[in-house]
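Asker: Sequence first, predicted model second:
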Amino acid sequence: MSQLTNFTKGFVKENPLFVLLLGMCPALGTTTSALNGLGMGLATTFVLVMANISISMVKNVIPAKVRIPSFIVIIASFVTIVDLSMAGFLPALHAQLGLFIPLIVVNCIVLGRAEAFASKNTIGSSAIDGLGMGLGFSFALALLGAVREVLGSGKVFNITLFPDKYAMLVFVLAPGAFFALGYLISIMNRIAKKN
Amino acid sequence: MAKESNFKNMTLTLFVVSLMASTSLGFVYSFTKGPIENAQNAKINSALSKVLPEFDNQPAAEKFTREVDGGILTFYPATKGGERIGVAVQTFTKNGFSGQIDLMVGFLANGSINAIEVVAHKETPGLGDKMETAKSNFSVQFQGKNPESFKLSVKKDGGDVDAITASTISSRAYCDAVIRAYNALKKEGENNEPAN
(Lines give C-alpha, C1' and ligand atoms only; values in the text may rest on other atoms or scores of the structure.)
Protein backbone atom coordinates (compact mmCIF):
# COMPACT_ATOMS: atom_id res chain seq x y z
CA MET A 1 0.00 0.00 0.00
CA SER A 2 1.49 3.34 -0.98
CA GLN A 3 1.85 6.13 1.59
CA LEU A 4 -0.64 8.26 -0.34
CA THR A 5 -3.42 5.69 0.01
CA ASN A 6 -2.44 5.26 3.68
CA PHE A 7 -3.14 8.95 4.07
CA THR A 8 -6.24 9.42 1.93
CA LYS A 9 -8.17 6.32 2.94
CA GLY A 10 -9.18 8.06 6.18
CA PHE A 11 -11.12 10.74 4.30
CA VAL A 12 -13.51 8.78 2.11
CA LYS A 13 -12.96 5.04 1.73
CA GLU A 14 -12.40 4.26 5.42
CA ASN A 15 -13.64 7.46 7.02
CA PRO A 16 -13.88 6.60 10.74
CA LEU A 17 -17.19 8.38 11.23
CA PHE A 18 -19.11 7.97 7.97
CA VAL A 19 -17.91 4.53 6.88
CA LEU A 20 -16.52 2.67 9.90
CA LEU A 21 -19.08 4.31 12.25
CA LEU A 22 -16.53 4.52 15.04
CA GLY A 23 -16.32 7.27 17.66
CA MET A 24 -20.06 7.93 17.74
CA CYS A 25 -20.05 9.23 21.32
CA PRO A 26 -17.80 12.29 20.77
CA ALA A 27 -19.26 12.71 17.28
CA LEU A 28 -22.76 13.25 18.60
CA GLY A 29 -21.78 14.97 21.83
CA THR A 30 -19.32 17.61 20.68
CA THR A 31 -20.60 18.66 17.27
CA THR A 32 -23.01 21.37 18.42
CA SER A 33 -20.86 23.78 16.40
CA ALA A 34 -18.30 23.44 13.63
CA LEU A 35 -15.54 24.83 15.83
CA ASN A 36 -16.16 22.36 18.67
CA GLY A 37 -16.22 19.47 16.19
CA LEU A 38 -12.94 20.62 14.67
CA GLY A 39 -11.31 21.03 18.09
CA MET A 40 -12.36 17.56 19.15
CA GLY A 41 -11.17 16.12 15.83
CA LEU A 42 -7.74 17.75 16.11
CA ALA A 43 -7.31 16.55 19.72
CA THR A 44 -8.12 13.03 18.54
CA THR A 45 -5.72 13.43 15.60
CA PHE A 46 -2.85 14.31 17.95
CA VAL A 47 -3.57 11.27 20.12
CA LEU A 48 -3.89 9.00 17.05
CA VAL A 49 -0.58 10.10 15.51
CA MET A 50 1.39 9.95 18.78
CA ALA A 51 -0.14 6.62 19.84
CA ASN A 52 0.42 5.09 16.39
CA ILE A 53 4.07 6.20 16.38
CA SER A 54 4.84 4.92 19.87
CA ILE A 55 2.99 1.65 19.44
CA SER A 56 4.71 1.03 16.14
CA MET A 57 8.06 1.65 17.87
CA VAL A 58 7.46 -0.82 20.67
CA LYS A 59 5.50 -3.44 18.72
CA ASN A 60 8.42 -5.89 18.60
CA VAL A 61 9.20 -5.89 22.32
CA ILE A 62 5.65 -6.24 23.65
CA PRO A 63 4.50 -9.82 24.26
CA ALA A 64 1.25 -10.63 22.44
CA LYS A 65 -0.75 -11.41 25.57
CA VAL A 66 -0.24 -8.01 27.21
CA ARG A 67 -0.40 -5.86 24.08
CA ILE A 68 -3.91 -4.47 24.70
CA PRO A 69 -3.18 -3.25 28.27
CA SER A 70 0.11 -1.75 27.09
CA PHE A 71 -1.58 0.03 24.18
CA ILE A 72 -4.29 1.41 26.45
CA VAL A 73 -1.74 2.79 28.92
CA ILE A 74 0.16 4.48 26.08
CA ILE A 75 -3.04 5.93 24.59
CA ALA A 76 -4.32 7.09 28.00
CA SER A 77 -1.03 8.92 28.65
CA PHE A 78 -1.31 10.89 25.42
CA VAL A 79 -4.96 11.71 26.13
CA THR A 80 -4.04 13.06 29.57
CA ILE A 81 -1.27 15.14 27.99
CA VAL A 82 -3.82 16.65 25.58
CA ASP A 83 -6.29 17.20 28.42
CA LEU A 84 -3.78 19.02 30.65
CA SER A 85 -2.28 21.09 27.83
CA MET A 86 -5.69 22.14 26.59
CA ALA A 87 -6.81 23.15 30.09
CA GLY A 88 -3.66 25.26 30.41
CA PHE A 89 -3.38 26.85 27.00
CA LEU A 90 -6.88 26.74 25.43
CA PRO A 91 -9.20 27.07 28.47
CA ALA A 92 -12.21 28.23 26.42
CA LEU A 93 -12.15 25.21 24.11
CA HIS A 94 -11.47 22.93 27.07
CA ALA A 95 -14.55 24.25 28.85
CA GLN A 96 -16.65 23.48 25.74
CA LEU A 97 -15.35 19.97 25.10
CA GLY A 98 -15.09 19.19 28.80
CA LEU A 99 -15.90 15.58 29.52
CA PHE A 100 -15.22 14.36 25.99
CA ILE A 101 -11.45 14.84 26.02
CA PRO A 102 -10.76 12.12 28.64
CA LEU A 103 -13.19 9.93 26.70
CA ILE A 104 -10.82 9.85 23.70
CA VAL A 105 -9.17 6.96 25.60
CA VAL A 106 -12.14 4.71 24.97
CA ASN A 107 -12.63 5.95 21.41
CA CYS A 108 -12.59 2.82 19.29
CA ILE A 109 -10.72 4.58 16.48
CA VAL A 110 -7.54 5.00 18.50
CA LEU A 111 -7.27 1.44 19.80
CA GLY A 112 -8.61 0.17 16.48
CA ARG A 113 -5.79 1.81 14.50
CA ALA A 114 -3.21 0.69 17.07
CA GLU A 115 -4.34 -2.92 16.82
CA ALA A 116 -5.17 -3.07 13.11
CA PHE A 117 -2.38 -0.92 11.68
CA ALA A 118 0.36 0.37 13.97
CA SER A 119 1.15 -3.03 15.49
CA LYS A 120 1.84 -4.45 12.03
CA ASN A 121 3.44 -1.59 10.09
CA THR A 122 6.53 0.62 10.12
CA ILE A 123 6.76 3.84 12.13
CA GLY A 124 6.45 6.06 9.04
CA SER A 125 3.36 4.32 7.66
CA SER A 126 1.76 4.30 11.11
CA ALA A 127 2.30 8.04 11.54
CA ILE A 128 0.75 8.73 8.13
CA ASP A 129 -2.13 6.36 8.85
CA GLY A 130 -2.80 8.12 12.16
CA LEU A 131 -2.66 11.54 10.53
CA GLY A 132 -4.97 10.51 7.67
CA MET A 133 -7.49 8.83 9.97
CA GLY A 134 -7.35 11.74 12.44
CA LEU A 135 -7.83 14.40 9.80
CA GLY A 136 -10.60 12.34 8.20
CA PHE A 137 -12.30 12.19 11.60
CA SER A 138 -11.76 15.95 12.13
CA PHE A 139 -13.19 16.67 8.68
CA ALA A 140 -16.24 14.52 9.44
CA LEU A 141 -16.79 16.15 12.85
CA ALA A 142 -16.37 19.67 11.45
CA LEU A 143 -18.82 18.88 8.61
CA LEU A 144 -21.39 17.43 11.02
CA GLY A 145 -20.85 20.38 13.37
CA ALA A 146 -21.25 22.87 10.51
CA VAL A 147 -24.50 21.27 9.29
CA ARG A 148 -25.95 21.25 12.81
CA GLU A 149 -24.81 24.81 13.52
CA VAL A 150 -26.27 26.21 10.27
CA LEU A 151 -29.62 24.43 10.62
CA GLY A 152 -29.84 24.83 14.38
CA SER A 153 -28.69 28.39 15.00
CA GLY A 154 -28.15 30.01 11.59
CA LYS A 155 -24.41 30.36 12.08
CA VAL A 156 -21.27 28.64 10.91
CA PHE A 157 -17.88 29.12 12.65
CA ASN A 158 -19.73 31.80 14.67
CA ILE A 159 -20.54 33.82 11.52
CA THR A 160 -24.26 34.55 11.34
CA LEU A 161 -25.88 33.48 8.06
CA PHE A 162 -29.50 34.16 9.00
CA PRO A 163 -31.33 35.23 12.19
CA ASP A 164 -31.76 32.39 14.66
CA LYS A 165 -35.53 32.75 14.83
CA TYR A 166 -35.66 30.90 11.48
CA ALA A 167 -33.37 28.15 12.75
CA MET A 168 -34.47 24.67 13.78
CA LEU A 169 -33.25 24.27 17.32
CA VAL A 170 -33.66 20.49 17.24
CA PHE A 171 -30.45 20.22 15.20
CA VAL A 172 -28.37 21.58 18.08
CA LEU A 173 -29.96 19.06 20.45
CA ALA A 174 -29.20 15.33 20.53
CA PRO A 175 -31.96 14.10 18.16
CA GLY A 176 -30.76 16.53 15.47
CA ALA A 177 -27.31 15.00 15.71
CA PHE A 178 -28.77 11.66 14.63
CA PHE A 179 -30.76 13.27 11.77
CA ALA A 180 -27.74 15.14 10.46
CA LEU A 181 -25.43 12.15 10.84
CA GLY A 182 -27.90 9.86 9.04
CA TYR A 183 -28.17 12.18 6.03
CA LEU A 184 -24.40 12.73 5.88
CA ILE A 185 -23.77 8.97 5.95
CA SER A 186 -26.26 8.40 3.12
CA ILE A 187 -24.61 11.14 1.04
CA MET A 188 -21.16 9.64 1.70
CA ASN A 189 -22.44 6.17 0.71
CA ARG A 190 -23.77 7.59 -2.53
CA ILE A 191 -20.41 9.19 -3.32
CA ALA A 192 -18.56 5.99 -2.42
CA LYS A 193 -20.81 3.89 -4.67
CA LYS A 194 -20.28 6.19 -7.67
CA ASN A 195 -16.53 5.79 -7.30
CA MET B 1 5.14 -8.98 15.83
CA ALA B 2 4.67 -10.62 19.18
CA LYS B 3 7.29 -12.47 21.07
CA GLU B 4 6.53 -15.54 23.11
CA SER B 5 4.54 -14.44 26.19
CA ASN B 6 5.81 -15.66 29.52
CA PHE B 7 5.24 -14.44 33.05
CA LYS B 8 8.59 -12.67 33.28
CA ASN B 9 8.44 -10.63 30.07
CA MET B 10 4.75 -9.75 30.54
CA THR B 11 5.35 -8.37 34.03
CA LEU B 12 8.45 -6.53 32.91
CA THR B 13 6.72 -5.00 29.87
CA LEU B 14 3.73 -3.75 31.83
CA PHE B 15 6.04 -2.37 34.51
CA VAL B 16 8.20 -0.49 32.03
CA VAL B 17 5.20 0.85 30.06
CA SER B 18 3.48 2.10 33.23
CA LEU B 19 6.71 3.61 34.53
CA MET B 20 7.28 5.53 31.29
CA ALA B 21 3.66 6.67 31.20
CA SER B 22 3.71 7.96 34.78
CA THR B 23 7.07 9.70 34.32
CA SER B 24 5.91 11.54 31.23
CA LEU B 25 2.59 12.48 32.88
CA GLY B 26 4.38 13.78 35.96
CA PHE B 27 6.52 15.95 33.71
CA VAL B 28 3.53 17.27 31.73
CA TYR B 29 1.59 17.92 34.95
CA SER B 30 4.36 20.03 36.46
CA PHE B 31 4.75 21.84 33.16
CA THR B 32 1.04 22.69 32.74
CA LYS B 33 0.21 23.33 36.41
CA GLY B 34 1.10 27.03 36.20
CA PRO B 35 -0.81 27.78 32.98
CA ILE B 36 -3.91 25.92 34.25
CA GLU B 37 -3.92 27.95 37.48
CA ASN B 38 -3.38 31.16 35.53
CA ALA B 39 -6.25 30.32 33.18
CA GLN B 40 -8.60 29.70 36.11
CA ASN B 41 -7.51 32.87 37.89
CA ALA B 42 -7.89 34.88 34.70
CA LYS B 43 -11.43 33.57 34.36
CA ILE B 44 -12.31 34.54 37.96
CA ASN B 45 -10.66 37.94 37.62
CA SER B 46 -12.43 38.78 34.35
CA ALA B 47 -15.77 37.80 35.93
CA LEU B 48 -14.93 39.94 38.98
CA SER B 49 -14.09 43.02 36.94
CA LYS B 50 -17.37 42.63 35.04
CA VAL B 51 -19.66 42.31 38.05
CA LEU B 52 -18.04 44.75 40.49
CA PRO B 53 -17.78 48.52 40.30
CA GLU B 54 -14.23 49.82 39.84
CA PHE B 55 -12.02 48.60 42.70
CA ASP B 56 -8.36 49.05 43.65
CA ASN B 57 -7.72 46.00 45.85
CA GLN B 58 -7.19 42.33 44.97
CA PRO B 59 -10.59 40.71 45.65
CA ALA B 60 -9.21 37.30 44.67
CA ALA B 61 -6.51 37.58 47.35
CA GLU B 62 -9.01 38.51 50.08
CA LYS B 63 -11.60 35.88 49.27
CA PHE B 64 -13.27 33.75 51.92
CA THR B 65 -15.69 30.86 51.67
CA ARG B 66 -18.88 29.79 53.45
CA GLU B 67 -20.62 26.46 53.24
CA VAL B 68 -24.30 26.81 52.33
CA ASP B 69 -26.86 24.16 51.28
CA GLY B 70 -24.22 21.51 50.73
CA GLY B 71 -22.04 23.68 48.51
CA ILE B 72 -19.40 26.35 48.79
CA LEU B 73 -20.00 30.07 48.25
CA THR B 74 -16.94 32.21 47.67
CA PHE B 75 -16.96 35.88 48.66
CA TYR B 76 -14.70 38.41 46.94
CA PRO B 77 -14.74 41.73 48.86
CA ALA B 78 -13.93 44.80 46.76
CA THR B 79 -12.66 48.07 48.22
CA LYS B 80 -11.64 51.40 46.77
CA GLY B 81 -9.46 53.75 48.79
CA GLY B 82 -9.92 51.44 51.79
CA GLU B 83 -13.71 51.73 51.68
CA ARG B 84 -15.88 48.66 51.10
CA ILE B 85 -17.69 49.28 47.81
CA GLY B 86 -19.14 45.86 47.14
CA VAL B 87 -18.82 42.11 47.27
CA ALA B 88 -18.84 39.56 44.50
CA VAL B 89 -20.27 36.19 45.47
CA GLN B 90 -19.58 33.08 43.44
CA THR B 91 -22.74 31.09 43.89
CA PHE B 92 -24.29 27.92 42.53
CA THR B 93 -27.56 26.10 41.99
CA LYS B 94 -28.16 22.44 41.43
CA ASN B 95 -31.57 23.02 39.83
CA GLY B 96 -30.31 23.71 36.30
CA PHE B 97 -31.89 21.90 33.36
CA SER B 98 -28.66 19.91 32.97
CA GLY B 99 -27.08 20.09 36.41
CA GLN B 100 -25.12 22.69 38.27
CA ILE B 101 -24.86 26.35 37.26
CA ASP B 102 -22.17 28.63 38.74
CA LEU B 103 -22.76 32.38 38.79
CA MET B 104 -20.69 35.35 39.89
CA VAL B 105 -23.02 37.95 41.42
CA GLY B 106 -21.69 41.42 42.16
CA PHE B 107 -23.40 43.29 45.03
CA LEU B 108 -22.93 46.97 45.86
CA ALA B 109 -22.38 48.08 49.45
CA ASN B 110 -26.11 48.87 49.83
CA GLY B 111 -27.05 45.28 48.93
CA SER B 112 -28.35 45.88 45.42
CA ILE B 113 -27.12 43.82 42.48
CA ASN B 114 -24.50 45.46 40.27
CA ALA B 115 -24.18 42.78 37.58
CA ILE B 116 -24.20 39.00 37.14
CA GLU B 117 -21.93 36.77 35.06
CA VAL B 118 -22.22 33.04 34.36
CA VAL B 119 -19.06 31.21 35.39
CA ALA B 120 -20.02 27.69 34.29
CA HIS B 121 -23.17 25.94 33.08
CA LYS B 122 -24.28 22.99 30.97
CA GLU B 123 -27.65 24.35 29.82
CA THR B 124 -29.08 23.61 26.37
CA PRO B 125 -27.38 25.56 23.57
CA GLY B 126 -29.89 27.93 21.97
CA LEU B 127 -32.27 27.87 24.96
CA GLY B 128 -30.92 27.94 28.51
CA ASP B 129 -27.52 29.26 27.44
CA LYS B 130 -29.17 32.63 26.81
CA MET B 131 -28.40 33.27 30.50
CA GLU B 132 -24.86 34.12 29.35
CA THR B 133 -24.38 37.87 29.14
CA ALA B 134 -22.98 37.57 25.61
CA LYS B 135 -26.04 35.71 24.29
CA SER B 136 -29.04 37.70 25.51
CA ASN B 137 -30.20 40.56 27.69
CA PHE B 138 -31.62 38.23 30.32
CA SER B 139 -29.08 39.18 33.01
CA VAL B 140 -29.48 42.94 32.40
CA GLN B 141 -32.85 43.03 34.20
CA PHE B 142 -31.08 42.23 37.49
CA GLN B 143 -28.71 45.19 37.30
CA GLY B 144 -29.31 47.83 39.94
CA LYS B 145 -32.12 45.86 41.58
CA ASN B 146 -32.22 45.35 45.33
CA PRO B 147 -33.47 41.84 46.21
CA GLU B 148 -35.32 43.40 49.20
CA SER B 149 -37.80 45.02 46.79
CA PHE B 150 -37.17 43.05 43.57
CA LYS B 151 -38.71 39.61 43.90
CA LEU B 152 -36.15 37.10 42.68
CA SER B 153 -38.38 34.56 40.97
CA VAL B 154 -39.86 34.28 37.50
CA LYS B 155 -43.18 35.99 36.71
CA LYS B 156 -44.89 32.60 36.30
CA ASP B 157 -44.14 31.99 40.01
CA GLY B 158 -45.30 35.48 41.06
CA GLY B 159 -41.89 37.14 40.99
CA ASP B 160 -40.44 40.05 39.04
CA VAL B 161 -38.06 38.25 36.69
CA ASP B 162 -38.78 37.89 32.96
CA ALA B 163 -37.85 34.28 32.23
CA ILE B 164 -35.93 33.27 29.11
CA THR B 165 -38.47 32.13 26.51
CA ALA B 166 -38.88 28.33 26.64
CA SER B 167 -36.30 28.06 29.44
CA THR B 168 -38.30 28.54 32.62
CA ILE B 169 -36.33 25.85 34.42
CA SER B 170 -32.99 27.50 33.63
CA SER B 171 -34.38 30.90 34.63
CA ARG B 172 -35.71 29.52 37.92
CA ALA B 173 -32.32 27.95 38.65
CA TYR B 174 -30.61 31.26 37.88
CA CYS B 175 -32.87 33.04 40.40
CA ASP B 176 -32.24 30.28 42.93
CA ALA B 177 -28.47 30.86 42.68
CA VAL B 178 -28.85 34.64 43.03
CA ILE B 179 -31.14 34.28 46.06
CA ARG B 180 -28.61 31.91 47.66
CA ALA B 181 -25.88 34.50 47.17
CA TYR B 182 -28.03 37.31 48.56
CA ASN B 183 -29.17 35.38 51.65
CA ALA B 184 -25.61 34.34 52.44
CA LEU B 185 -24.42 37.91 52.02
CA LYS B 186 -27.17 39.20 54.31
CA LYS B 187 -26.26 36.63 56.95
CA GLU B 188 -22.62 37.61 56.62
CA GLY B 189 -23.52 41.26 57.10
CA GLU B 190 -25.57 40.52 60.26
CA ASN B 191 -22.72 38.51 61.74
CA ASN B 192 -20.23 41.29 61.12
CA GLU B 193 -22.43 44.14 62.30
CA PRO B 194 -21.57 44.02 66.05
CA ALA B 195 -17.84 43.81 65.32
CA ASN B 196 -17.93 47.00 63.28
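Answerer: That came through, no problem.

Asker: quick one: average pLDDT of the helix or strand where B:I116 lies?
Answerer: Taking DSSP states H and E as the criterion, B:I116 maps to strand B:113-120. Mean pLDDT, computed over strand B:113-120, is 88.

Asker: Check which helix or strand the closest residue to A:S33 other than its chain neighbours maps to.
Answerer: Of all residues not flanking A:S33 in the chain, A:E149 sits nearest, at 4.6 Å (C-beta to C-beta, 6 or more residues apart in numbering or on different chains). Every residue, glycine included, has its C-beta placed from N, CA and C. Assessed by DSSP H and E, A:E149 sits inside helix A:123-153.

Asker: can you name the farthest residue from the center of chain A?
Answerer: A:K165 (31.2 Å; C-alpha atoms, centre = their mean).

Asker: For B:P147, the count of nearby residues, please.
Answerer: By other C-beta atoms under 10 Å in any protein chain shown, 22 other residues sit near B:P147.

Asker: Over to B:V68?
Answerer: The tally of other residues near B:V68 (other C-beta under 10 Å) stands at 15.

Asker: residues in contact with it?
Answerer: B:V68 makes contact with B:180, B:183-184 under the criterion C-beta atoms under 8 Å, 6 or more residues apart in numbering or on different chains.

Asker: ok, the longest strand along chain B: who's next to it in the sheet?
Answerer: Of all segments of type strand in chain B, defined using DSSP state E, the longest is strand B:83-96. Using DSSP bridges, the strands paired with strand B:83-96 are strand B:71-80 (antiparallel), strand B:99-108 (antiparallel).

Asker: Reformat the ones you listed as CSV; add mean neighbour count and mean pLDDT.
Answerer: Converted to CSV, the strands paired with strand B:83-96 look like this (neighbours: other C-beta atoms under 10 Å in any protein chain shown; pLDDT from 0 to 100):
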stretch, mean neighbour count, mean pLDDT
strand B:71-80, 19, 86
strand B:99-108, 22, 89
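
Asker: To B:M20, which of the ones you listed lies closest?
Answerer: strand B:99-108 (36.9 Å; C-beta to C-beta).

Asker: What are the contacting residues of that closest one?
Answerer: Under the criterion C-beta under 8 Å, 6+ apart, residues B:44, B:47-48, B:50-53, B:85-94, B:113-123, B:131, B:170, B:173-174, B:177-178, B:181-182, B:185 lie in contact with strand B:99-108.

Asker: what comes up buried for the longest strand of chain B?
Answerer: The neighbour-count check on strand B:83-96 (16 or more other C-beta atoms under 10 Å in any protein chain shown) flags B:85-93, B:95-96 as buried.

Asker: any idea of the angle that strand forms with strand B:113-120?
Answerer: Interaxial angle of strand B:83-96 relative to strand B:113-120 (axes from the mean of the first three to the mean of the last three C-alpha atoms, to 10 degrees): 40 degrees.

Asker: for the record, mean pLDDT for strand B:83-96?
Answerer: Mean predicted lDDT for strand B:83-96 stands at 88.

Asker: What ranges in chain B fall below the confidence cut-off?
Answerer: B:1-3, B:190-196 (pLDDT under 70).

Asker: got the residues of it near chain A?
Answerer: B:1-6, B:9-10, B:13-14, B:17-18, B:21, B:24-25, B:28-29, B:32-36, B:38-40, B:42-43, B:120, B:124-127 (C-beta under 8 Å from any C-beta of the partner chain).
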